[in-house]
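> just coords:
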């Protein structure tokens, strides 16, 4: 099973970035607007609609405010996945820059 790891430097403080990342119901407005066009919450599940019309259901596994880490898993969607788990974690690099790490 493959792993993808992406690190992105963001010109914003840790609290600002974490506020957007951890707002699981507003992905389409705050985190990746344009890439996703709608977000619906259904209990512990998040239903994302992408710009290409694809819809996936994700289980929000954990939102850890102390570690600044969000973990989720795609549990239903058009992709032929046997297993999918991913996380976003944010780290302060300075008072005005944050490193976002996505592992899937």
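Received the coordinates, thanks. Everything numeric in this text was worked out from a predicted model, so none of it was measured.
> how about the helices in the protein?
Counting by DSSP state H, the chain has helices at residues 14-22.
> wait, residue 76 touches residue 54, no?
No. Counting by CB atoms under 8 Å, residue 54 is not a contact partner of residue 76; they are 11.4 Å apart. To be clear about C-beta, it is placed using only N, CA and C from the backbone, and glycine gets the same treatment.
> can you give me the strands in this protein?
Secondary structure of the chain by DSSP state E: the strands cover 5-10, 36-42, 45-50, 55-64, 69-76, 86-92, 98-103.
> can I get those in a markdown table including distance to residue 20 and mean neighbour count?
Shown next, in a markdown table, are the strands of the chain (distance: least, CB to CB, whole Å; neighbours: other CB atoms under 10 Å):
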| stretch | distance to residue 20 | mean neighbour count |
| --- | --- | --- |
| strand 5-10 | 9 | 11 |
| strand 36-42 | 13 | 14 |
| strand 45-50 | 15 | 17 |
| strand 55-64 | 13 | 15 |
| strand 69-76 | 11 | 17 |
| strand 86-92 | 9 | 18 |
| strand 98-103 | 10 | 17 |
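> out of these, which is closest to residue 30?
strand 36-42 (9.5 Å; CB to CB).
> what separation do you get for the nearest residue to residue 42 once chain neighbours are set aside and residue 69?
Of all residues not flanking residue 42 in the chain, residue 57 sits nearest, at 7.8 Å (CB to CB, 6 or more residues apart in numbering). According to CB to CB, to the nearest Å, residue 57 and residue 69 sit 21 Å apart.
> cool, and residue 6?
Distance, residue 6 to residue 69, using CB to CB: 15 Å.
> residues contacting the residue lying closest to residue 88 once chain neighbours are set aside?
Of all residues not flanking residue 88 in the chain, residue 70 sits nearest, at 4.8 Å (CB to CB, 6+ apart). Applying CB atoms under 8 Å, 6 or more residues apart in numbering, one finds that residue 70 lies in contact with 21-22, 24, 60, 62-64, 87-89.
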